[in-house]
Structure formats: C-alpha cells, structure tokens
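> here are the coordinates; sequence isn't available:
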Ligand SMILES: CC(C)(COP(=O)(O)OP(=O)(O)OC[C@H]1O[C@@H](n2cnc3c(N)ncnc32)[C@H](O)[C@@H]1OP(=O)(O)O)[C@@H](O)C(=O)NCCC(=O)NCCS
C-alpha cells in the first residue's frame, strides 16, 4: 500500500505485507498459538516494510498508512489472526506508532541487528484479532533462553552486568507497554 501526493503521484510512504512464505521463518514460533503451522497456513501476516519519506514524517502519515493497511488486510483475509512486525530497539517513532495502534510487544530478539559494528535487539510486535494470541509456552521458552544466556555469561562479570541491564530494561519496557 502506498501514499501518493498530487497529480505527479509523488510517493510519500509505503507498506508491504505478506502471508505466504516459501519456508518457515525463525520467528514464527513466537507469533501465534500454533506456531509455525499456524503461520504457514496463512493465519498470520508479516509487515516487511513501513516507511514514510523524511520530509513528510511526524504528520500522522504512518499511522494512517498502517490503519489502511490493516483494514485492507482484514477485508481481504478475514481468517487472519495475527499481524507481526519487527522493530529495532531504538526506533522510538515506530515503537510509539505500533503501541498506539494496539500492537502487543511479544518478545525481544537479542542482538538481532548488526549496524556499523554495533548490535541491537529487535522487538517483535503483534496485532492479534479473531481470538489470536501468543503461543502458550512462549513465556517459559523465553525464560529458559534468558537463564541459559545468564549461565553462559557467568564467567564474565562484564557480560553478566550487560545481561542484567538488558533484562532490567526489557522488564521495564514490558511493564510500560502493558500500562
Ligand atoms: C517510523 C515512521 C514510519 C513513522 O512515520 P511518521 O509518518 O513520522 O509517523 P506518524 O507521524 O504517524 O507518528 C507515529 C508516532 O511516531 C511519533 N514520532 C514521529 N516522529 C518522531 C520522532 N522524530 N521522534 C520520536 N517520535 C516520533 C509520533 O509522535 C507518533 O507517536 P504517537 O502515536 O505516540 O503520537 C518513519 O519515522 C519512518 O519511515 N522511519 C524510517 C523507516 C522505519 O523506521 N520504519 C519502521 C520499520 S519497523
């Protein structure tokens, strides 16, 4: 979906979305109850791209674009139970947008992006509808992952400190997101 301006049809923003996947993705287990099978069956859709050109930002275009995209998806794919998207942890405009639009912060993927020699976490946000909900065992799986990461960082005080800091920030973010 795109936002175009004027007769010359200048592109101001666009979203892309998919529900068909040639093979399972690493994150499908975390998106929807039923995990990979549910996502591969078309019960969930993934927002690949959402962007607004720099000069047109901060005017509600992304919000309008995302709302239209969701409405179009709901009209065309009434069986859909979840729409998911990834966002880099420092992207406050996008995070703010997703939270305002009712997407739920489901999990963090640690060290997901690598830009300019720096690693960043990804947040997985999901919009649930038609009774869709996160996988029931997700909280337990995440706890196991965190405990494992803690154990592996025990021999390095610096890594352990970093781990605790990330964990604290994440818990705080979850609390704020639920408030
Ligand atoms: C994220 C992006 C799509 C937002 O587009 P936009 O048209 O400026 O967004 P909107 O005007 O609809 O505002 C959305 C929210 O971001 C906030 N926002 C906008 N610009 C901001 C800024 N510079 N800093 C912090 N927050 C900002 C708005 O206040 C709004 O928050 P609210 O809903 O709590 O009021 C745009 O910044 C962009 O294209 N970024 C580059 C691509 C990108 O990061 N895409 C997301 C990938 S996950």
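Nice, I can see it. What you see is a predicted model, and the numbers here were worked out from it, not measured in a lab.

> what strands flank the helix or strand that contains residue 112, and is each parallel or antiparallel?
Element membership for residue 112 (DSSP states H and E) is strand 104-115. Strand 104-115 has its sheet partners listed here by DSSP bridges as strand 118-128 (antiparallel).

> run through the residues that contact residue 3.
By C-beta atoms under 8 Å, 6 or more residues apart in numbering, the contact list for residue 3 reads 11, 12, 13, 14, 52, 61, 64, 65. (Glycine included, C-beta is placed from N, CA and C.)

> got any ranges where the protein has weak pLDDT?
175-179 (pLDDT under 70).

> could you work out the most separated pair of the contacts of residue 3?
The most widely separated members of the contacts of residue 3, counting by C-beta to C-beta, are 11 and 64 (14.7 Å).

> for the chain, what spans make up the strands?
2-5, 10-18, 44-52, 82-88, 104-115, 118-128 (DSSP state E).

> what's the most buried one of these?
strand 82-88 (a mean of 21; mean count of other C-beta atoms under 10 Å).

> show me what that one is packed against.
strand 44-52, helix 92-100, strand 104-115, strand 118-128 (3 or more C-beta pairs under 8 Å, 6 or more residues apart in numbering; DSSP states H and E).
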